[in-house]
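>>> Sharing a model that was predicted from the sequence below.
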Amino acid sequence: MKRYKEDKRNHKIHSHFGINDYYKFYIKKYNSQIDKDKYKKILEDFHLGIRDLMINESLIYQFPYIGMQLIIKKDKRRPKIVDGKLVNTTPPDWKTTNELWERDKEARDKKIVVRYNNSHTSGYVFRVYLKKFSCNIKYRSLYKFNTNRDFQRSISKRIFDINKDPMDAYLLFS
């Protein structure tokens, strides 16, 4: 018996627990009579508050009991030459790349990708990072945190907001 349906994508993370399981656990443990909609709203407000504090106030959120931290990290991406080959880890600009491929058939055949230069952030790329160095649980390398699209778009809006100071994030690597 399989716990989850088969998926063609290998990068899909399957979870065996969801909000319904957390709600049942909460009701059982605390003998609460809160309805499910109110419980979901409380969780949603909490998570949105954490997200906003991380983006606007540079909060480092530490998960209780396990010691993992959730941070917004910036790192500088530069092209490098490794073993005689050019390695460029700068994020691709797919909109511009697709426009180039529509105009130029040769660029499409050679799979030339246009990349961001991030001149507005001095070449830094921002992302959400799960810091596990001080974690006290077994098999910590198996844990991963993926942000949803709304979280990523909120970081992007904050970076491009000229009314606020430039975004200061945790600098793990230079």
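Arrived safely. Quick caveat: nothing in here was measured; it's all calculated off a predicted structure. Residues are numbered from 1 along each chain as shown.
>>> how many other residues sit next to Ile55?
20 (other C-beta atoms under 10 Å). All C-beta spots, glycine's among them, are computed from the backbone N, C-alpha and C.
>>> next one: Phe160
Around Phe160 there are 11 residues (other C-beta under 10 Å).
>>> Flag the shaky bits of this structure, pLDDT-wise.
Residue ranges of the chain with pLDDT under 70: 1-15, 168-174.
>>> Spatially central residue for it, please.
Thr147 (3.6 Å; C-alpha atoms, centre = their mean).
>>> and that residue, that one's in a helix?
No. Assessed with DSSP: H, G, I helix; E, B strand; the rest coil, Thr147 is coil; it does not lie in a helix.
>>> who's in contact with the closest residue in space to Ser32 that isn't next to it in sequence?
Spatial nearest neighbour of Ser32, chain neighbours left out: Tyr26 (6.4 Å); criterion: C-beta to C-beta, 6 or more residues apart in numbering. By C-beta atoms under 8 Å, 6 or more residues apart in numbering, the contact set of Tyr26 is 32, 34, 39.
>>> Just the ones of those in helices?
The helices, defined by DSSP state H, take in Tyr39 from those.
>>> Right, I'll call it a day here.
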